[in-house]
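> For reference, the sequence and a predicted model appear below.
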Amino acid sequence: MNFSLSLDQQLFFLINHLPHNGFFDGVALFFSGVGTAGIIWLLLGVFLFFREEKKDRWFVFQLGVLGLAVWGLVEEVIKPLVGRLRPGLEAGAIIIGSQSNGFSFPSGHAAIAWAMAVLLSQKEPKWRWFFYILATAISFSRIYLGKHYPLDVLAGGLIGWILGFMISHSILSKKSTS
């Protein structure tokens, strides 16, 4: 376990200490910002609903259920149980933007991003790569900005992917096809 945490910290510093300048920091802040509370995913879902899925009212329900399930599991259950602190300035992290409060493991941004990318790619397969690239950019930004360790992001992404897969292949998705 110590080896994993040591490797996690080394990988964190490798990513977090990539060149920082106004452009790169701005791009990372943008992706992190649109990933906050799943804002970008909600907007994409609403856009797809009005553009192509008007008759599929269950699609919006799936988005809502998935968003609440991911948030509840990550923020209310796992983070308090694990209690991992976020990277800090005292440890040598470069923190861009305001210092985040709360616990670090797993990343809520990554969990929501990957959950929604999976669900939206099931609804709109031709946009699959866009959704996955967006989820990757949001996840990567959290490490670059000094908000999360790589294992936080990896665990959040895995949780999101699993929940997204479960919702998109559940009884809820059966209602949308009938």
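Yes, it's here.
> For the rest of this, base every contact and every neighbour count on C-alpha atoms.
Will do.
> Have a look at this protein and report the helix or strand with the lowest mean pLDDT.
Across the helices and strands of the chain, mean pLDDT, DSSP states H and E gives its lowest value to helix 171-177, namely a mean of 50.
> Find the residue at the geometric middle of the protein.
For the chain, the residue nearest the mean C-alpha position is residue 110 (2.0 Å; Cα atoms, centre = their mean).
> Return the backbone torsion pair for that one.
Phi and psi for residue 110, reported as degrees, to the nearest 10, are phi -70, psi -40.
> Residue 97 too?
Dihedral angles of residue 97 (phi, psi; degrees, to the nearest 10) stand at phi 80, psi -170.
> now the one 3 residues further on
Phi and psi for residue 100, reported as degrees, to the nearest 10, are phi -80, psi 140.
> shouldn't it be in contact with residue 147?
Yes. Counting by Cα atoms under 8 Å, residue 100 does reach residue 147; the two are 6.6 Å apart.
> Among these two, which residue is more densely surrounded?
Each of residue 100 and residue 147 has its neighbours counted (other Cα atoms under 10 Å); residue 147 has more, 29 against 14.
> quick one: low-confidence ranges for this structure?
Along the chain, segments meeting pLDDT under 70 span 1, 52-57, 171-178.
> make it 80
Along the chain, the parts satisfying pLDDT under 80 run over 1, 49-60, 98-100, 169-178.
> Helices of that one, residue ranges please.
Taking DSSP state H, the helices of the chain run over residues 2-16, 22-35, 39-51, 57-71, 79-82, 108-123, 128-144, 150-168, 171-177.
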